[in-house]
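In: got a structure for you, letters missing:
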């Protein structure tokens, strides 16, 4: 049985089409990345899964239940980190967790949950109205973990989290996946999805333009990482550096400008490139990686072949 | 927060057991509990307590100050009855619905605007649980300051020269709590039916105006004219008009309290009869023929003519064959409480259709 099944789901708000006949299947146990720019319709899609909004056309099934008729059953077995939520200002972190535990009829230990998301018991005693965005995000993630859900729906889960928080989130996603949960992870940041997911769907302007494995995604994104390296020394040094990397397999293109060398390379090839420059005796003073933009990624999918054929 | 059971503390233990049972049995209970915990910590609630206390203390405090207890009949002090009928009834029916609207109008729409509703509905709470839990939770929240204010009022009565009649006062308190709960339920329900707090506030205010000022007029003149058009006269006409009047929680509360104050078998009869214009210095009132019909065939009383001090005749309604059950006090009390269910049902219907 598939964890999530969307069949021809269309959603129009007034005259605006938010989703256009989306077909999507997420297998049980998958860590599915749902990638798309802000406003692409990701949240609308998740809202349909949770019966917050109802599709104009098409059907949505979650964990074998119809999203509308079986909504309560679905939410009993699903942990949700919604987008655009607000916590209850006057309730403490513990009270939030207690509410989630009671609603789900679970018997989790609130202290353990707080610990998993990196909140201290003292922070749990505080009213959530005084929480920072990141703390609130951790609290709601803890609420999502209540009752060992079969499905985790995480809508832009890294927003508001610092790098440590993002790492904590990745660890939790992997732990939950190992436990057997399906994870549905939406993001507008390619790197976030790439780091943790095993398959991805790409949504743009309400249409699912591709569904792919994460390896396929990497391949599609290849050559689109720009590495700008500032080298110590004169123009000759820059040229030496250019010569050192130009023939590497993972490098697509190189260019120079003043004391900077721009390298188009594979996503995972950053260190190879930097090492090659150092090996040639040139000092790397600074470097900056410009990851592939989603727009470029979309172009590589849409120009190549129709979405259905990629799978 | 984990509540630790103290084995020696039987009361806390059984409370926890009852709490666990409620959580298990009713989907709305968790929502209502959260609602209560949240709202009970708000500053607004303390403000509310102050307002309620002033509503219930000021009249009796003035009575205490001016040593007011002039009215006696048959050696019995009627001071409390007089205060309730002359002051409390009017203050409560005008002020309490406003307070209730203030408490309830944003209860759901604000959560919708801020996004905390997403948290509520991400958990396995159905939309029905949300409406029912919100309505009951908010009602409970308002009852806290109301009970405090009523209790303080009783203390003032006891201290003043106005005799406190505990049974009477308790009954008045019960009616007042029910009346308040009805308006809170209406306001919360309206909040669930609208997506923004502004529209919810406007709709709640319109409902307030309608219940407080327009309903009775519509029942008397609007429905009256319609029935005349349809040729419905006599007993049926007055049955319909009285029924319409009693469906207004405002009128129901007033007539219940008046029946209680008039006391005895005939209390309910005279209170219902008093809902129709008897005429006064400024208005002629209903024709004697209509009043006779109302008293006799609608209320099961026995009409009689009585000379007034000014020499004109007026109709009085004495005990007769007995008030029909559907116009009796318990029935009126039920009609009033039905509003909680009706409002919640309509709210659920619209809330259930909406995209959040």
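Out: Perfect, I can see it now. Since the structure is predicted, the reported quantities are computational estimates derived from the model, not experimental observations.

In: Please identify the pairing partners of the host helix or strand of residue A:58 and their relative orientation?
Out: Using DSSP states H and E, the element containing residue A:58 is strand A:57-62. With DSSP bridges as the test, strand A:57-62 is paired with strand A:2-13 (antiparallel), strand A:65-66 (antiparallel).

In: Tell me which of these lies nearest to residue A:216.
Out: Smallest distance to residue A:216 across the strands paired with strand A:57-62 (C-beta to C-beta): 19.6 Å, for strand A:2-13. C-betas here are computed from N, CA, C, even on glycine.

In: So what touches the next helix or strand after the closest one?
Out: Using DSSP H and E, the next helix or strand after strand A:2-13 towards the C-terminus is strand A:16-27. Strand A:16-27 is contacted from outside by A:2-12, A:32, A:41, A:44-45, A:48, A:55, A:57-58, A:182, A:184, A:199, A:201, A:203, A:205-208, A:211, using C-beta atoms under 8 Å, 6 or more residues apart in numbering or on different chains.

In: which parts of strand A:16-27 are buried?
Out: Neighbour counts over strand A:16-27 (16 or more other C-beta atoms under 10 Å in any protein chain shown) mark A:17, A:18, A:19, A:20, A:22, A:24, A:25, A:26 as buried.

In: Parallel or antiparallel, list what pairs with that strand.
Out: strand A:2-13 (antiparallel).

In: quick one: contacts of the strand it pairs with?
Out: A:17-30, A:32, A:41, A:44-45, A:48-49, A:53, A:55-63, A:150-151, A:182, A:184, A:206, B:355.

In: and that strand, average pLDDT?
Out: Averaged across strand A:2-13, pLDDT comes to 93.

In: Next, the buried residues of it.
Out: A:2, A:3, A:4, A:5, A:6, A:9, A:11.

In: what does stretch A:64-79 give?
Out: A:65, A:67, A:70, A:71, A:72, A:74, A:75, A:76, A:77, A:78, A:79.

In: Kindly check the end-to-end length of it for me.
Out: Length of stretch A:64-79, first residue to last, C-alpha to C-alpha, to the nearest Å: 16 Å.

In: Run the chain-centre distance for that stretch.
Out: Put simply, stretch A:64-79 sits 23 Å off its chain's centre (C-alpha atoms, centre = their mean, to the nearest Å).

In: residues touching the closest residue to residue B:196 other than its chain neighbours, list them.
Out: Using C-beta to C-beta, 6 or more residues apart in numbering or on different chains and skipping the chain neighbours, the partner closest in space to residue B:196 is residue B:109 (5.9 Å). Contacts here follow C-beta under 8 Å, 6+ apart; on that basis residue B:109 touches B:191, B:192, B:194, B:195, B:196, B:197, B:199, B:200.

In: swap the cut-off to 6 Å and go again
Out: Contacts here follow C-beta atoms under 6 Å, 6 or more residues apart in numbering or on different chains; on that basis residue B:109 touches B:191, B:194, B:196, B:197, B:200.

In: Please list only the buried members of those residues.
Out: The buried subset of the contacts of residue B:109 (16+ other C-beta under 10 Å) comprises B:191, B:194, B:197, B:200.

In: Please look at the first one and residue B:200 and confirm they touch.
Out: Meaning residue B:191. Yes: contact criterion C-beta atoms under 6 Å: residue B:191 and residue B:200 qualify, at 4.7 Å.
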